[in-house]
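Student: coordinates only, no sequence provided:
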């Protein structure tokens, strides 16, 4: 998962804005949506100290068309 690796690197570097941009690109790409990408963004938000954005990403999961649902990793 290239998107996950990019988002992970953004979170590690403390560049949440870039990580969120990568998420936007992922959503616009038409690629199959995977909960692991959203989990990685939430982890990056927490690592960067932005719990409000983490909550917003959690809400974005439910807006994704299809069967995408938060899992135990998402909620931990």
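Tutor: Thanks, I have the structure now. Owing to the predicted nature of the structure, the values given are computational and were not obtained by experimental measurement. Numbers count the residues shown, from 1 in each chain.
Student: tally of neighbours for residue 41?
Tutor: The burial count assigned to residue 41 is 29, neighbours taken as other C-beta atoms under 10 Å. The C-beta positions use only the backbone N, C-alpha and C, and glycine is treated the same way.
Student: what residues are up against it?
Tutor: With contact set as C-beta atoms under 8 Å, 6 or more residues apart in numbering, residue 41 has these partners: 7, 19, 20, 23, 57.
Student: list the contacts for the nearest residue in space to residue 74 that is not next to it in sequence?
Tutor: Spatial nearest neighbour of residue 74, chain neighbours left out: residue 39 (5.3 Å); criterion: C-beta to C-beta, 6 or more residues apart in numbering. By C-beta under 8 Å, 6+ apart, the contact list for residue 39 reads 71, 73, 74.
Student: so where's the protein shaky on pLDDT?
Tutor: Across the chain, the ranges flagged by pLDDT under 70 are 1.
Student: what segments of it are helices?
Tutor: Counting by DSSP state H, the segments of the chain that form helices are 2-13, 16-29, 35-47, 51-63.
Student: buried ones in the last one?
Tutor: Of all the residues in helix 51-63, those buried under the rule 16 or more other C-beta atoms under 10 Å are 53, 54, 57, 58, 61.
Student: Serialize those to a markdown table and add fields for distance to residue 44.
Tutor: As requested, these are exported to a markdown table (distance: C-beta to C-beta, whole Å):
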| residue | distance to residue 44 |
| --- | --- |
| 53 | 9 |
| 54 | 9 |
| 57 | 9 |
| 58 | 13 |
| 61 | 15 |
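Student: wait, which of those residues is closest to residue 32?
Tutor: Of all the buried residues of helix 51-63, residue 32 sits closest to residue 61, with 14.4 Å by C-beta to C-beta.
Student: what number of residues lie near the closest residue to the closest one other than its chain neighbours?
Tutor: In space, not counting the residues next to it along the chain, residue 61 is nearest to residue 38; the distance is 5.1 Å by C-beta to C-beta, 6+ apart. Here the neighbour count serves as a burial measure; for residue 38 (other C-beta under 10 Å) it reads 25.
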